[in-house]
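Participant: Sequence first, predicted model second:
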Amino acid sequence: MSKAKAPPPEPRIAVVIPCYCVTRHIAGVIAAVPDMVWRIYVVDDKCPDGSGAFVEDTVRDPRVRVLYHDANQGVGGTTLTGMRQAIADGADVIVKIDGDGQMDPALLPAFVSPILAGQADCAKGNRFFEIDSLRAMPKIRLIGNAGLSFMAKLSTGYWHIFDPNNGYIALHAKVAALLPFDKIAKGYFFESDLLFRLNTIQAVVTEVPMAAVYGDEVSNLNVGRETLTFAAGHARNFFKRLFYNYYLRNFSVASLEIVVAAVGLAFGVGYGGVMWRQSIVSGGAAASGVVMLAALPVIVGMQSLFAFLNHDINSVPSTPLHTRLQNWPGTPPKKDER
């Protein structure tokens, strides 16, 4: 008579909460974390109001571990500190939730379920899914997120992601262990840069509809400075992704299409601009051959560009990476204690 198989162990779900001036909200956020969570990492990012010490003094949840930074590293650096510790402790899924009360911890099961079901490696929140919920979003954030969304699609390669800067993130620990933590942006560009890094390892990312909560929290975001940082970061990541995916790791028709598009558009626009200026100075109409010589490369270039974009959109990763990873050597063995 064969023995009955033991039930699979419960997944170890870890929550990382970056803390910087969130003393008024952090206790309530921790209290709302569902019982299914195995461990909660509160990371004090050299917080001037002592969020970490406040949690140690007032919160009695046995799941909580408080980590401290000696110097401020930003939301990205703080999240990565918590992720590193969660991976070292043997977590299966890591969820990042802000400590200011804007993200509802009750949504956590919806974020981890596609990962545990083997459907995705990462789940991100989407505040734009329901139109009615957008009324609660400050106009400056609404405009900024909409403006950066297309740039993020180009730089990350995840064309179906519409809220790339959303900080509510769930990530499989095995996939997180593959990421170059030292290279990921530490500031507000963290979420977008994380998506770029996930694309380079062909991880599957999905979105979870959510509504953000805006209360009396004070944002530390400098819009003017960060706009330039985001624009430069997206441009840099786009060209990196182009090189990694279409020339270093693979070479396809799309690799040629983007070259034809760049050369055709550059020559057509440049030559056409020079000839147009000369015709204005001379007061005469440009010859038909000159017009065709300028227009034809632009037409071919645009067709090649659209063909490349079509290929890129259809190349979004679809097979979860963590389902293909077996005994990843970078992940320490799990400890027995719960």
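Facilitator: Received it, and whenever you're ready, just let me know what you need.

Participant: so what's residue 209 closest to, chain neighbours aside?
Facilitator: Counting by CB to CB, 6 or more residues apart in numbering, residue 209 lies nearest to residue 129, which is 3.6 Å off, once chain neighbours are set aside. Glycine gets a C-beta too; all of them are placed from N, C-alpha and C.

Participant: okay, now residue 181: neighbour count?
Facilitator: Residue 181 has 16 neighbours, counted by other CB atoms under 10 Å.

Participant: again but with residue 325, I slipped
Facilitator: By other CB under 10 Å, the residues close to residue 325 number 16.

Participant: Show me the helices in the stretch 1-150 of the chain, by range?
Facilitator: 23-31, 51-58, 74-89, 108-116, 139-156 (DSSP state H, counting those that start in this stretch).

Participant: buried sites along the shortest one?
Facilitator: To tie it back to what came earlier, the one meant is helix 51-58. Residues of helix 51-58 classed as buried by neighbour count (16 or more other CB atoms under 10 Å): 51, 52, 54, 55.

Participant: isn't the first one right next to residue 17, touching?
Facilitator: No - under the criterion of CB atoms under 8 Å, residue 51 is not in contact with residue 17, lying 9.2 Å apart.

Participant: Can you show me the strands along the stretch 101-250 of the chain?
Facilitator: Applying DSSP state E, counting those that start in this stretch to the stretch 101-250 of the chain gives strands spanning 122-126, 169-172, 205-209.

Participant: Report the strands that pair with the last one, each with its relative direction.
Facilitator: What that stands for is strand 205-209. According to DSSP bridges, strand 205-209 has the following sheet partners: strand 122-126 (parallel).

Participant: Could you give the average pLDDT over the strand it pairs with?
Facilitator: What strand 122-126 shows for mean pLDDT is 93.

Participant: now do stretch 168-178
Facilitator: If you average the pLDDT over stretch 168-178, you get 95.

Participant: Between the two ends of it, how far is it?
Facilitator: 20 Å (CA to CA, to the nearest Å).

Participant: Give me the residues contacting it.
Facilitator: For stretch 168-178, contacts defined as CB atoms under 8 Å, 6 or more residues apart in numbering pick out 14, 83, 86-87, 91-98, 103, 107-108, 111-112, 115, 121-125, 191, 194, 198, 201, 203, 208, 210, 320-322, 325, 328, 330-331.
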